[in-house]
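Engineer: no letters, just coordinates:
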């Protein structure tokens, strides 16, 4: 079960994150890349890198055969799938096992049982974990059956795709009248996104907060939890800001323990091994309901790392090579506070449309309490083929207040030129009194927060902009005058750059 | 005593560090710069910036009058001196007070009493703090008196300048015969460096480790210590690698407490206020001797911040505005391990000569457990006027082993092009078995470590270098061929860059 | 040098004087601008206030970023402003477009003639400059109402070459 | 394209073939080199091994940094190697220096004549190229033993212009 060479079957910041953990453990590293990613950081950081296909994921990062071939060719003995792509694909985990490769993740059966939401809910219910009331979805209900069940559950409710994720195939329904049309459109979306139109119903928990529990499990039946994360700041079911611990759980250690125990229970119910996350919805009365278990490394794992001191990716690698869990639950404590902002290449002022192009400048903040996990550097191309996450900015403080202060400072230092990012969105959320006081739920961004309104309070400096623009224009005019004169005489670019130093090197 | 606007009377990484703390506290910031520093990060980070003179420190950063004037002009109400420059100048602290400005540091009298090493030693001895045997230096001893005292102290011993620092005016003497000449040269060096030729004698502690204690004190008589740092990895009395806690103190909590109490005792002895550091030499038998007290923020303060969670610069600002110390000694604990490598622009393979020039590339490592404090960015000029410290790379881990692993990983990721740095030195120290095992003292670098020998074990890749050089040369040849052809015909630089994309954008 | 600078449409009269002085809407400011890296990053001091700024130019549009806020900027000289004002009344809302020469050059080809109807993206003039042929295209649909240059002729920067009027106008 | 590449004095025969193949000392390697930012940073893959590398050129000397190690590189073609070998026996250890033209150009001035003794830094030839006058200097002390160009004449790249012999040699 031991291994010395790991293939990272992913890209972007998470590939770099995993490569770093491998390097710290002294493991050799292999990575793969699509044609769009030849210059990416993960290619530059790895000991070896192999091209596996064109930009489209289906033809590269999702090609199991090519991943296995790259592992064979390089002599890698283990594969870390990161998140997304094949990370929750039970068939891929099985294929690795069949090929004699260690899959750095849970056993195929655990992935499978947690992968179908209906089965997962039934399993959890049987294990005594509370689930959101709804149709358990083990069977495929017809439209009439769903409509009949809806009356029992009550409104508002959610229609969700069993194979779904990321908000796809999901509909909120407030009255019985809306049901038939909502079912039809959810089925259609699910069919097109996942190839399966099966849906189930779930009670919509009002004022719910998204709180999740990080668990680690070894092959010998030991399971621990690393406390909770709160990810209620979402937009269309996409997490944007995460923290550990949860401000809602706060100093209620008893509640924290109960949440943690749910995480452990869920992991035990499917004989889980490796790192996983149990997601719950928590209502205002601290009732919590199992949502789903993510059988992989989570984007927001760093906030837990900062407050527990545990390197979750290092743990994954150690657990995958058969080591016994070295963490004792009783000695585990959260210290301080960590907050993560996902820096996406998208325009917060224009419906969060993805922004692509040449990342001319990417200078990340540094200094006390600041961690940045990124997969891009200045000069990178942000392509339209993959998700818009360019970096995770994570700040730590002894208190939530200090962590948020540092986050504000770090966001102000962050420099991105070339693509548009959601940094202004984060800056505005971090100025919001309700956010700072901890009063928010999963609908906060969509229902209570207005970026336009928040942004209108930002100081504008048109006079400074005018001075800058005029000076730069003057510089450019002088420069182009010289180009004309010099090139007319056969002048060289070098000569011009030497002569024109008024604004400094270029 | 309260203030809303702070002038940072420094440059480089420490100015940026202080600016960040101010920003996190919501304070307005002002900074000053010499003509050599117009483009520096500290100028770009501050809300306001004022030119105070030419590159030479004596005409800019050391000009008290201009600093006071800049504070007046900007309306700053407090001055943070950083380290170096005027940070330990009692007259400057007094001048600030006279001008109604808050000096973010200790009272002038505490600076004065700790500033003269002789007085400091006598004060400490009277307070019951052990000092290294030697002449206390309150009086100015003549050569004959020094020679007579040397017999009583025994050899080897050190001749040290009372006004000294950074190894200047310091001589190691092994026999009585060497005394006269050594006194003369130490006096000469001290005279030229500090304008004072007074020297004193100190027993040379063999196999000593440099261990220091961070203290914080408020205006109400409360003093706490934040545990120890070890700084034994030095070269010519210049610290290169620092850690907290000390591997030598290790799990001996009793010893740790005794060291801490010495720090508190020293601070109390001079009615200290604000942050300070008490430096000790510790011999193999855990006897410790007071060396000196640094009455300012220390370069290596971040390692303490990482293991205690205390933001020392924020504390300085809060203490300076008269707040009561909010840290209780009994609740203070060190958690995990932190290591700092000072990244200097100097050539470790050529007698550590300073390296200056255009810093074409400065890409710092990021990711888990990595903190970087720096004052330069890509495009900066490293000038010969100031110290060679371009960045501090600080890594944190739950254990020393993990911190060192992360440091190795981070050093490997660090990219500097344009100036030579001591990164290879750090990489080699971090490969050294004795260093990793914790067996070292202050003479380790000079007596037991050979960079040339260590470097010879580094993997060389001449074949890869050859391939790279040939391809780049080919690219350049093609490019210059085009330049000749195009410019002969009046071609533009733009055209070439559009046509030639084989290796990518330039 | 006097310029008119528009920031998100707001007009500023700007005069760049000697010794780092700038007169903006009548107010004198002490200004110091430096490029701080190899590219688009600048450090700007205005009466001691420090700003880090970035400038990007794309398709002739200048964008300025200061403290995370983006401004669209346009800098013209007084002569140009006058021309605009004179033409403004006539052109306002009528969809008139004047194609001006972005640089001095030689007119290689004019593939349109008066009366032609053009679509956005249609080439109006091919201009050779620095041994490079540049296709200058229609930014909007319209009818060619004037062609002021001939193939083989040369133009100076900002010379009007082709004028488009509104379709059916 | 065939080259001889020296890395810290060690010689490599290198042939750049099509399709990213390189033959180095007889061994075939699959190579993929990309510039990864605007400047001197490269990503190099050699038979799947990934290297991040930096190249800097200063006063004609190429330096290569791979994994924190610095290599001094020189790349010449076969013709140049032959020339060097022929001259090598004669020059070896004798302090002979040949000033070659770094680019095609016009000889503006030759401030030395045969027999002159020069110090390092003394100008030997002023060469105009691309409207720029370049002062080409003596890298070492020596006596001028040959001047092969005349003022007003032109040279091609690599033409020998001035030869220095050892002082008192």
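Structural biologist: Thanks, I have the structure now. What you see is a predicted model, and the numbers here were worked out from it, not measured in a lab.

Engineer: so who does residue A:57 touch?
Structural biologist: A:34, A:85, A:385-386 (CB atoms under 8 Å, 6 or more residues apart in numbering or on different chains). C-betas here are computed from N, CA, C, even on glycine.

Engineer: for chain D, what is the nearest residue in the stretch 151-300 of chain A?
Structural biologist: Nearest to chain D in the stretch 151-300 of chain A, going by CB to the nearest CB, is residue A:297, at a distance of 22.6 Å.

Engineer: I'd say that residue and residue A:275 touch.
Structural biologist: Yes - using CB atoms under 8 Å, residue A:297 is in contact with residue A:275, at 5.9 Å.

Engineer: name the residues contacting each of those two.
Structural biologist: Jointly contacting residue A:297 and residue A:275 under the rule CB under 8 Å, 6+ apart are A:312, A:316.

Engineer: ok so, going back, okay, the contacts of residue A:57 in a markdown table with secondary structure next?
Structural biologist: Formatted as a markdown table, the contacts of residue A:57 follow (DSSP: H, G, I helix; E, B strand; the rest coil):
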| residue | secondary structure |
| --- | --- |
| A:34 | strand |
| A:85 | coil |
| A:385 | coil |
| A:386 | coil |
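
Engineer: farthest-separated two in these?
Structural biologist: A:85 and A:385 (12.2 Å; CB to CB).

Engineer: can you give me the helices in chain C?
Structural biologist: Taking DSSP state H to define them, one finds helices in chain C at C:78-91.

Engineer: pull the helix or strand with minimum mean pLDDT from it.
Structural biologist: Lowest on mean pLDDT, DSSP states H and E among the helices and strands of chain C sits helix C:78-91, with a mean of 63.

Engineer: what residues sit buried inside stretch A:97-117?
Structural biologist: Neighbour counts using 16 or more other CB atoms under 10 Å in any protein chain shown place A:101-108, A:110-117 of stretch A:97-117 among the buried residues.

Engineer: measure stretch A:201-212 end to end?
Structural biologist: Stretch A:201-212 stretches 21 Å from its first residue to its last (CA to CA, to the nearest Å).

Engineer: ah, wrong one, I meant stretch A:78-97
Structural biologist: End-to-end distance of stretch A:78-97 (CA to CA): 10 Å.

Engineer: could you do stretch A:73-93 as well?
Structural biologist: 19 Å.

Engineer: hmm, that stretch in reach of chain D?
Structural biologist: Yes - with CB under 8 Å from any CB of the partner chain as the criterion, chain D is reached by stretch A:73-93 at A:73-74.

Engineer: what's the closest non-adjacent residue to residue A:15?
Structural biologist: residue A:42 (3.6 Å; CB to CB, 6 or more residues apart in numbering or on different chains).

Engineer: after the helix or strand where that neighbour lies, next one along is what?
Structural biologist: Taking DSSP states H and E as the definition, residue A:42 sits inside helix A:41-45. Where DSSP H and E defines the elements, the next helix or strand beyond helix A:41-45 is strand A:48-53.

Engineer: who are the packing partners of that following strand?
Structural biologist: Here strand A:48-53 touches strand A:28-34, helix A:64-74, strand D:49-58, going by 3 or more CB pairs under 8 Å, 6 or more residues apart in numbering or on different chains; DSSP states H and E.

Engineer: hmm, 10 Å instead?
Structural biologist: Packed against strand A:48-53 by the contact rule (3 or more CB pairs under 10 Å, 6 or more residues apart in numbering or on different chains; DSSP states H and E) you find strand A:5-8, strand A:28-34, helix A:41-45, helix A:64-74, strand D:41-46, strand D:49-58.

Engineer: as CSV, those with mean neighbour count would be great.
Structural biologist: Converted to CSV, these look like this (neighbours: other CB atoms under 10 Å in any protein chain shown):
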stretch, mean neighbour count
strand A:5-8, 27
strand A:28-34, 25
helix A:41-45, 25
helix A:64-74, 18
strand D:41-46, 23
strand D:49-58, 18
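
Engineer: give me the low-pLDDT residue ranges for the stretch 151-300 of chain A?
Structural biologist: A:164-166 (pLDDT under 70).

Engineer: repeat the analysis, applying 90 as the threshold.
Structural biologist: Residue ranges of the stretch 151-300 of chain A with pLDDT under 90: A:151-154, A:160-171, A:188-198, A:200, A:202-207, A:236-237, A:291.

Engineer: would you map the helices across it?
Structural biologist: Applying DSSP state H, counting those that start in this stretch to the stretch 151-300 of chain A gives helices spanning A:179-194, A:253-269.

Engineer: can you mark which positions in the shortest one are buried?
Structural biologist: Within helix A:179-194, the residues that qualify as buried are A:179, A:182-183, A:186-187, A:189-191, A:194, counting by 16+ other CB under 10 Å.

Engineer: likewise for the longest one?
Structural biologist: Neighbour-count burial for helix A:253-269 flags A:255-256, A:259-260, A:262-267, A:269 (criterion: 16+ other CB under 10 Å).

Engineer: just how off-centre is that helix within its chain?
Structural biologist: Chain-centre distance of helix A:253-269: 23 Å, with CA atoms, centre = their mean, to the nearest Å.

Engineer: show me what it is packed against.
Structural biologist: helix A:108-115, helix A:117-126, strand A:209-217, strand A:223-235, strand A:274-282, strand A:288-294.

Engineer: may I have the strands that pair with the fifth one, each with its orientation?
Structural biologist: Pointing back at strand A:274-282 there. Partners of strand A:274-282 in the sheet, by DSSP bridges, are strand A:209-217 (antiparallel), strand A:288-294 (antiparallel).

Engineer: nothing else from me, thank you.
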